[in-house]
Structures are given as C-alpha cells and as structure tokens.
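Asks: got a sequence here, can you model it:
(one chain, ligands or ions: 1)
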Amino acid sequence: MKINWGVIGCGGIAFRRTIPGLVLSENSNLVAVMDTNFEAAKAVKAEFNAKYAFDTVEELLAVEEVDAVYIATPVFCHKDQVMKAAAAGKHILLEKPMGLTIEDSIEIKEYCQKQGVKLGVGLMMRFNNLHQTVRDLVAEGKLGEIVSMRAQFTCWYPEMEGAWRQKMALSGGGSLMDMGVHCIDLLRFMSGLEASEVIALTGNQIFKYEVEDAASVVMRMENGAFAYVDAAFNIPDEAAVCKLEIYGTGGSVFLEGSLAQDEAGEGTLIFTDSNKGYDAQQNRTRVESTKLNGNGGNLYTKEVDAFVNAVINDTETPITADDAINAQKIVEAAYESAKLGKLIKL
Ligand SMILES: NC(=O)c1ccc[n+]([C@@H]2O[C@H](COP(=O)([O-])OP(=O)(O)OC[C@H]3O[C@@H](n4cnc5c(N)ncnc54)[C@H](O)[C@@H]3O)[C@@H](O)[C@H]2O)c1
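Replies: Numbering: from 1, shown residues only. You can find the predicted model right below:
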C-alpha cells in the first residue's frame, strides 16, 4: 500500500529537505502541492513531478486521492491548516513547533484525535542514527546515572524585511522556539528523562528584532541531572560547532555536528569504572574511547517512512503530539523564567 501525499507550504524546509526525502520513500507518492506563493508551488510540482499545484488549502484538500498532508508553513498558519486537513480526513505530518502556544498545540492534538487522523511532528533529528545509538546506550545503563547534559544549536540569522521568524505573532518566539526546541527534544529523547524545573535567560545581543536572538536554559531533570541548552541566531555558521554532551557516572558521550538538517555528525564515547574510589590526581587520561559516526542516511526519508508505516499499520506515529508538546512546555517555561527572573517548576 502506498500513501498519497499533499504538501502545504513549498518553501525552505519542504523544498530543500523534506520533499526530496519524501520522493525517495518507497511507500509514498507525491500527488499535490500548495503554497500561497503559487510560483513556489508550481516550481515544486515541476521539480518533483507532482500531479497538481494549488494556491489554496481548500483545493488541495479537495483532492480525494490525497491521504496525508505534510504541513511546512510559518508557525502561525499551522493550527488553521491542521484543523482543515483533519476535518477533510487527511493524516498530518506537521512541522515543529506545532503551534504558537501550548494551548494551540493541545487543540491541534485533540482535534486530530477527534477526527481519527494520525498526527506526527517533524522533530526529524530523532532519526539520526547517532541520537538513536546514544538513546540505546543510556537505556541500557551503559553511561550509569546521568548527571549532566548539554546541547547547543545556532545559526546566523540577521534582520531581514518580511522574515516571519522575526515577528512574535507569526513565530511564537525566537532562537529557543525555532532551534532550541530540537535541543530540548533530543535531550529528552536520548536520556528518557523529563524536566522538573527550568530557569533561563533570553536576550537580543546582536539583532534587534521582536524575538530573542539568544537563549540559555538550565533544566533540572526528574533524576536530579542538570541539562543546559543554548540556542542562538547570532553566531556565524562558520564559527559554530553545535555540540551535544551527556555525562553519566559510567561514562560520557560527545557529539558534534549531529544537530543539523542532514544526517551528519560524529561522536566520541567514553566508558569509565564508576566503582573506583577517589583519585587525588584526578587523572583524565582516557584509557579507551570509541568513535561514533553518523551514517549519512536521509533523515527525511526515514521521517516519512516511519510516519507512513504508522498510517498503514494503524499504530502511533513515531514522533507524537505529546513529544512536541512536552518540549514546547519547556520552551514556554523558559520564556516565563526569563521574563520573571524566576525558577519555574513544571
Ligand atoms: N524540522 C526542521 O529542522 C525544520 C527546519 C526548518 C523549518 N522548519 C519548520 O518548517 C516550517 C516552515 O519553515 P521554513 O523555514 O520552510 O519557512 P519558509 O518561510 O522558508 O517557507 C514557508 C513557505 O510557506 C508559504 N506560506 C506562507 N503562508 C502560507 C499559507 N497560509 N499557506 C500555504 N503556504 C504558505 C510561503 O510562501 C513559503 O513558501 C516552520 O514550522 C519551521 O519551524 C523545520
């Protein structure tokens, strides 16, 4: 069985990443594409051999053979488009963040449940094999008790006329909402831990648009571990590393370059003997480390394949609304903390 797709929003991520990945998915057909910028829709139709291009959502949803839609529009459009797609009985793969607010995201989730359509969220970095390997190692207890985690994801995003991400009412937030959400999601995913408290700083260090260009968040996780997230729009891409680190009583993992739009990155894994006593020398000569490599697969084909399998087999989508809502709760708590100058309990 194949799933016939419609795409709503043919801009950046859809054109550059997800549609090229989708057309490689064995159980998927790209049928219809739509963008309010009709030229963008027509360009995608021509490039990827879709049957139809439209400039209204209603026309796309009226195509009966469309089973599922991928929504990759600015965040402020998501709720209305999900509601329309769910009302039309289409399954939905929705880009992150789900909605402008937690209330919107919950409404989206509940309406899709009511309509009996599948809803998945595009936190596709979970499909990087490095992140899955670390998740398995942590789950098997190989790193011992997790005590500290860090994730950093940045880009260079200067002021630009008409950029929806730079307007609060259109994006819901800045670097934390847009990029930090991947960090938060991956730390939760790899550690299997939820946050219990959040404290944060946000600011406009370089760029003076409405949303923050930098955010730093510290979370206390449910087991007592601390987790640090940095998300910035003001670090030049050439100067960025985008690291992920997890430290436990049995070892540590360092990943570089895996927080990315393609399946990239490499890592180092160190196991230690947590039963040994105090070492006054604090010897950091590492006896043994193992290299980990991203396998260069296509994150988006994996994302689409996994979603399609959930539709075909009528199982839960691989990345659920609750996964996205739990990450968004931390984002909102961080904004509240930064505004009030207070620690927020979740
Ligand atoms: N998963 C990821 O790593 C990742 C990466 C980038 C973007 N995204 C998400 O994807 C979504 C889109 O981001 P982008 O960077 O592709 O944005 P973009 O601005 O590059 O593209 C958005 C497209 O939507 C179109 N559009 C605007 N309003 C519309 C409407 N009402 N109906 C239909 N089309 C409309 C625009 O014309 C544009 O072509 C956002 O939710 C963003 O957070 C996710």
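
Asks: for the protein, which spans come out with low pLDDT?
Replies: Within the chain, the set of residues satisfying pLDDT under 70 comprises 274-275, 284-288.

Asks: so which bits of the stretch 51-200 of the chain are right by the ligand?
Replies: Counting by Cβ under 6 Å from any ligand atom, the residues of the stretch 51-200 of the chain lying close to the ligand are 72-75, 77, 95-96, 122, 124, 178. Where you see a C-beta, it was placed from the backbone N, CA and C, and this is true even at glycine.

Asks: include secondary structure and neighbour count when you put those into CSV, please.
Replies: Listed next are these as CSV, based on DSSP: H, G, I helix; E, B strand; the rest coil; neighbours: other Cβ atoms under 10 Å:
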residue, secondary structure, neighbour count
72, coil, 24
73, coil, 21
74, coil, 17
75, helix, 23
77, helix, 18
95, coil, 22
96, coil, 22
122, coil, 24
124, helix, 26
178, helix, 22
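
Asks: which single residue of the protein approaches the ligand most closely?
Replies: residue 11 (2.0 Å; Cβ to the nearest ligand atom).

Asks: which residues does that residue contact?
Replies: For residue 11, the residues meeting the contact criterion (Cβ atoms under 8 Å, 6 or more residues apart in numbering) are 35, 37, 40, 72-73.

Asks: spell out the residue ranges of the strands in the stretch 201-346 of the chain.
Replies: For the stretch 201-346 of the chain, strands defined by DSSP state E, counting those that start in this stretch occupy the ranges 214-221, 226-232, 243-248, 251-256, 266-271, 289-293, 344-345.

Asks: got TSV for these, with mean neighbour count and distance to residue 102 too?
Replies: Below are the strands of the stretch 201-346 of the chain laid out as TSV (neighbours: other Cβ atoms under 10 Å; distance: least, Cβ to Cβ, whole Å):
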stretch	mean neighbour count	distance to residue 102
strand 214-221	22	16
strand 226-232	23	18
strand 243-248	22	25
strand 251-256	21	29
strand 266-271	18	33
strand 289-293	13	34
strand 344-345	14	13
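
Asks: residue 2 is nearest to which of those?
Replies: Each of these has some distance to residue 2 by Cβ to Cβ; the shortest is strand 289-293, at 32.5 Å.

Asks: now the residue of the chain closest to the ligand: how far from residue 44?
Replies: Taking Cβ to Cβ, to the nearest Å as the measure, residue 11 falls 9 Å from residue 44.

Asks: what sits in contact with each of the two?
Replies: When Cβ under 8 Å, 6+ apart defines a contact, the residues bordering residue 11 and residue 44 alike are residue 35.

Asks: so which residue is smack in the middle of the chain?
Replies: By Cα atoms, centre = their mean, the chain has its centre lying nearest to residue 123, at 3.0 Å.

Asks: ok, now which ones touch that residue?
Replies: When contacts are counted by Cβ under 8 Å, 6+ apart, residue 123 is found next to 96, 181-182, 185, 319, 323-324, 327.

Asks: turn those residues into CSV, including distance to residue 197.
Replies: As requested, the contacts of residue 123 are exported to CSV (distance: Cβ to Cβ, whole Å):
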residue, distance to residue 197
96, 23
181, 18
182, 21
185, 18
319, 25
323, 20
324, 21
327, 16
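
Asks: which of those sits closest to residue 4?
Replies: Proximity of those to residue 4, judged by Cβ to Cβ, is greatest for residue 319, which lies at 21.3 Å.

Asks: thinking again about what came up before, now distance to residue 26 too, for the strands of the stretch 201-346 of the chain, in a markdown table please.
Replies: Formatted as a markdown table, the strands of the stretch 201-346 of the chain follow (distance: least, Cβ to Cβ, whole Å):
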| stretch | distance to residue 26 |
| --- | --- |
| strand 214-221 | 38 |
| strand 226-232 | 35 |
| strand 243-248 | 31 |
| strand 251-256 | 29 |
| strand 266-271 | 29 |
| strand 289-293 | 25 |
| strand 344-345 | 45 |
